[in-house]
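Student: Provided below are the primary sequence and the corresponding predicted coordinates.
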Amino acid sequence: MPDVLTPDICVIGAGSGGLSVAAAAAAFGVDVVLVEKAKMGGDCLNYGCVPSKALLSAAKSAKAHGADLKIGFEGVFEGVKFAKANDHVQAVIAAIAPHDSVERFEGLGVKVLQDEARFVSSDCVLAGETEIRARRFVIATGSSPAVPPIPGLAGVDFLTNETLFELREAPEHLIVIGGGPIGLEMAQAHRRLGSKVTVIEAQKALAKDLPEFAVVVLDALRAEGVRILEGAAVNAVESSGEGIQVHFETEDGTSSVNGSHLLVAAGRKPNFGSLGLELAGIDVEGGGIKVDAGLRTTNRKIYAIGDVIGGLQFTHAAGYHAGLVIRSILFRLPVHEDRTIIPWVTYTSPELGHVGLSEQQARDRHGNKVRVLTADYADNDRARAEDASVGQLRLVVGPRGRLLGGDIVGAQAGEMLNLLSLALSQKMTMGDLAGFVAPYPTLGELVRRAAVSYYAEAPKNTWVRRLLYLLRQFG
Ligand SMILES: Cc1cc2nc3c(=O)[nH]c(=O)nc-3n(C[C@H](O)[C@H](O)[C@H](O)COP(=O)(O)OP(=O)(O)OC[C@H]3O[C@@H](n4cnc5c(N)ncnc54)[C@H](O)[C@@H]3O)c2cc1C
Ligand SMILES: NC(=O)c1ccc[n+]([C@@H]2O[C@H](COP(=O)([O-])OP(=O)(O)OC[C@H]3O[C@@H](n4cnc5c(N)ncnc54)[C@H](O)[C@@H]3O)[C@@H](O)[C@H]2O)c1
């Protein structure tokens, strides 16, 4: 006889989304079962955000030591010890892991089952020998690296984000398939840690970002020695002696490159194949689990959040989804996912970030009432002092000066994007963004500077001039 559990909520997947739902529900005293088949913390902690940002940090430090000679240091840079960079990555994961652990969640009152979950009917999940009949289910099973059907790929020992962070020695020549955020963050990290790196991108690299800003990042990586090929589709892979030979097609014909290691960073595939979705009446659409604006699947008692729905695949998006489903399940409030308030950042140097509407999306909605305001890092005193004067901030502004979107390329773009995300979610205007006092000297002054430029024409306005004239008559 299987064990039968009847909690209020059963969460499948203990990654960014699932852990947030479980922790919040438990905090309200709700009975929760959390099922995880592999590592607690999911992709972000074990194979994604955390190791990638830790490796980038080690790489930045290596670069800074080499480059410090330029800004007043003397001495000898003794080079990079890749294994130490990897030690840093593992130490950061280990430091965060207790926060996501079974022990912590059991302590919060969550029942954690370490098994693979699958639906056996519209209201029952089986995890090992345990049947879970919950009032509501939340699917938060994440995504996995998509491996394109490239002839020969299966026959070579390629890396993905799930194996890359195990390397203890710098690859001699890392070839990366895919010029998205994973490909470029890892390209720069490995280049700075001593590898030769070639990125092969079938279309445009960083294609989801503002093209003029993406180019700033690509130029910076190229200047550091990363070879980036765009419009180059990989069409065959084979072993060659000690290494791997990658063949690709460009408009000029077929070429190939030889490397010691191959990283596949060609997009993501939502994890739902073994969930038994059909037995629960859950449909799939566009490659992810189909949900409505309130994140309910086609079975209304079952929600799906995070990477598995195939929308914006970020940890903070999964966390945002978690907050919405908690409001919906616990408080029965109507919720509506608003993708325009979800920012994203690529953590290369310079960083590249976006939130809200693009200029084109804004013009489609508001026509010629849209204005674009910019501020350059080159005119910011802190950027000059930090030797970081390459970059720009761009605001997309709608009727009555309302902020509709923003893009930033440059140092600390991710930190600055916090301010734009807040302003956007609170429907702030250029008046709000021009009216706060920013500490000097900070990069954040760029936001104020761009907002102030909204009023640049005011002194020339006839009515403003008439008003000033009139006021002067009163002495
Ligand atoms: C290299 C890399 C770098 C990234 N960097 C960033 C970044 O800087 N910032 C950012 O916001 N995002 C980043 N991301 C994206 C981020 O990691 C994901 O968006 C986030 O982890 C999604 O959370 P999730 O809860 O949907 O899924 P996950 O965190 O992947 O969790 C899903 C969990 O479900 C489990 N599971 C799957 N199927 C079952 C089953 N049948 N039964 C039980 N358990 C199951 C899995 O084992 C996994 O633990 C990065 C991703 C990668 C790959
Ligand atoms: N900083 C961050 O927030 C961050 C960092 C890394 C990943 N992520 C998340 O992970 C997701 C996946 O990242 P990604 O970089 O793997 O995916 P992506 O979809 O953004 O980029 C993959 C790239 O691979 C290219 N490609 C596919 N097949 C190819 C082939 N045969 N030859 C050459 N190029 C090929 C595609 O054209 C595409 O540009 C991101 O969209 C994001 O949601 C976020």
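Tutor: Yep, that arrived. Ligands and ions are numbered 1, 2, ... in the order given.
Student: need the contact list for the closest residue to ligand 2 within the chain.
Tutor: Here the residue of the chain nearest ligand 2 is G180; by Cβ to the nearest ligand atom that distance is 2.2 Å. Just so you know, the C-beta spots here come from the backbone N, C-alpha and C atoms, and that holds for glycine as well. G180 makes contact with A205, L206, A207, K208, A265, A266, G267, according to Cβ atoms under 8 Å, 6 or more residues apart in numbering.
Student: biggest helix in the chain, by residue count?
Tutor: Counting by DSSP state H, the longest helix found in the chain is helix 49-67.
Student: neighbouring contacts of that helix?
Tutor: 43-44, 77, 80, 84-86, 88-89, 92-93, 96, 161, 165, 182, 185-186, 188-194, 224, 315, 347-349.
Student: Now, of the contacts of G180, which are buried?
Tutor: A205, L206, A265, A266, G267 (16 or more other Cβ atoms under 10 Å).
Student: Closest one of these to A458?
Tutor: L206 (36.5 Å; Cβ to Cβ).
Student: got the contact list for the closest one?
Tutor: By Cβ under 8 Å, 6+ apart, the residues touching L206 are G179, G180, P181, L184, A214, V217, L218, T346, L352.
Student: Narrow the contacts of helix 49-67 to those in helices?
Tutor: Among the contacts of helix 49-67, the members found in helices (DSSP H) are 43-44, 84-86, 88-89, 92-93, 96, 182, 185-186, 188-192, 315.
Student: Which members of these additionally contact ligand 2?
Tutor: I182, E185 (Cβ under 6 Å from any ligand atom).
Student: And the buried ones among the ones in helices among the contacts of helix 49-67, selectable in ChimeraX?
Tutor: Here is the ChimeraX command that selects the buried residues among those (16+ other Cβ under 10 Å):
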select :43,44,85,86,88,89,92,93,96,182,185,186,188,189,190,191,192,315
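Student: Near the closest residue to P399 other than its chain neighbours, how many other residues are there?
Tutor: Leaving aside its sequence neighbours, P399 sits nearest to K369 (Cβ to Cβ, 6 or more residues apart in numbering; 4.6 Å). For K369, the count of nearby residues is 13 (other Cβ atoms under 10 Å).
Student: Could you report the distance from K369 to R363?
Tutor: K369 is 9 Å from R363, where distance means Cβ to Cβ, to the nearest Å.
Student: Repeat that for I341.
Tutor: Taking Cβ to Cβ, one finds I341 at 20 Å from R363.
Student: got a list of what the spatially closest residue to L167 that is not a sequence neighbour touches?
Tutor: Distance criterion Cβ to Cβ, 6+ apart; nearest residue to L167, sequence neighbours excluded, is N86 at 6.6 Å. For N86, the contact set (Cβ under 8 Å, 6+ apart) comprises L55, F165, L167, R168.
Student: Filter those residues down to the buried ones.
Tutor: For these, a burial check counting by 16+ other Cβ under 10 Å picks out L55, F165, L167.
Student: ok, these vs I200, which is closest?
Tutor: L167 (19.7 Å).
Student: Show me what I9 bridges to in the sheet.
Tutor: With DSSP bridges as the criterion, I9 is bridged to V32, R136.
Student: I'd like to know how far it sits from L333.
Tutor: 16 Å.
Student: who has more neighbours, the two?
Tutor: Using other Cβ under 10 Å as the criterion, I9 and L333 rank with I9 on top: 25 against 11.
Student: Which residue is the nearest non-sequential neighbour of the one residue sitting closest to the centre of the chain?
Tutor: Nearest to the geometric centre of the chain sits F314, at 4.4 Å (Cα atoms, centre = their mean). In this structure, F314 finds its nearest non-sequential neighbour in W344, 5.8 Å apart by Cβ to Cβ, 6+ apart.
Student: list the contacts for the one you found?
Tutor: If you count contacts by Cβ under 8 Å, 6+ apart, W344 has them with P181, K208, L312, F314, G353, H354, V355.
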